[in-house]
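Undergrad: Okay, here's the prediction I keep looking at, along with the sequence it came from:
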Amino acid sequence: MPRFAVLIYAGDSRHAHTATPEELQECDEHFDSLVASGRMRAAYALTPRSMARTLRADGPTDGPYGSGDVVAGFYILDAADIDEAIHLARKDPSLLSGGAVEVRPVHSGGPVTPPA
């Protein structure tokens, strides 16, 4: 079955180290519903933009790449096609707070086993 990456764009990530369960409840409920659907393959919440570092040819700089929305997290879904992936991602909490999600087919990849 094809895989789709869902990239979450928001003003910032809700997943600060100090975030309370109440602050993460909406995200957790969405995650739980995708797990229950049997389509979720992996999910990663990124930390707030203040913890990002951007690499450029002349060296690293503090902060994210741009000044607008940042990628706050992403998850991988199994879906029959992009329409089904969009249907599954349409309830992402970031959409309710003015953010966006990008659904993109995954070309290749997967877990990597480090050499022994």
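TA: Sure, I can see it. The model shown is predicted, which means the values in this text are computed figures rather than measured ones. Residues are numbered from 1 along each chain as shown.
Undergrad: Which helix or which strand is home to the most centrally placed residue in the chain?
TA: Taking C-alpha atoms, centre = their mean, the centroid of the chain lies closest to Phe74, which sits 1.7 Å from it. Assigned by DSSP states H and E, Phe74 belongs to strand 70-78.
Undergrad: Asp28 too?
TA: Using DSSP H and E, Asp28 sits in helix 21-36.
Undergrad: related to what we said a few turns ago, now do the strand holding Phe74 and helix 21-36, the angle between them.
TA: When axes from the mean of the first three to the mean of the last three C-alpha atoms, to 10 degrees is applied, the directions of strand 70-78 and helix 21-36 differ by 30 degrees.
Undergrad: Starting from strand 70-78, tell me which strands it pairs with and how they run.
TA: Pairing partners of strand 70-78, with direction, according to DSSP bridges: strand 3-10 (antiparallel), strand 40-45 (antiparallel).
Undergrad: Run through who's touching it.
TA: Contacts of strand 70-78 with the rest of the structure, by C-beta atoms under 8 Å, 6 or more residues apart in numbering, involve 1-15, 31, 34, 38-46, 49, 52, 64, 85, 88-89, 94, 99, 106. No exception for glycine: its C-beta is placed from N, CA and C like everyone else's.
Undergrad: Show me which of those residues are buried.
TA: Using 16 or more other C-beta atoms under 10 Å as the burial test, the contacts of strand 70-78 include 3-6, 8-10, 12-15, 31, 34, 39-41, 43, 45-46, 49, 52, 64, 85, 88-89, 94, 99 as buried.
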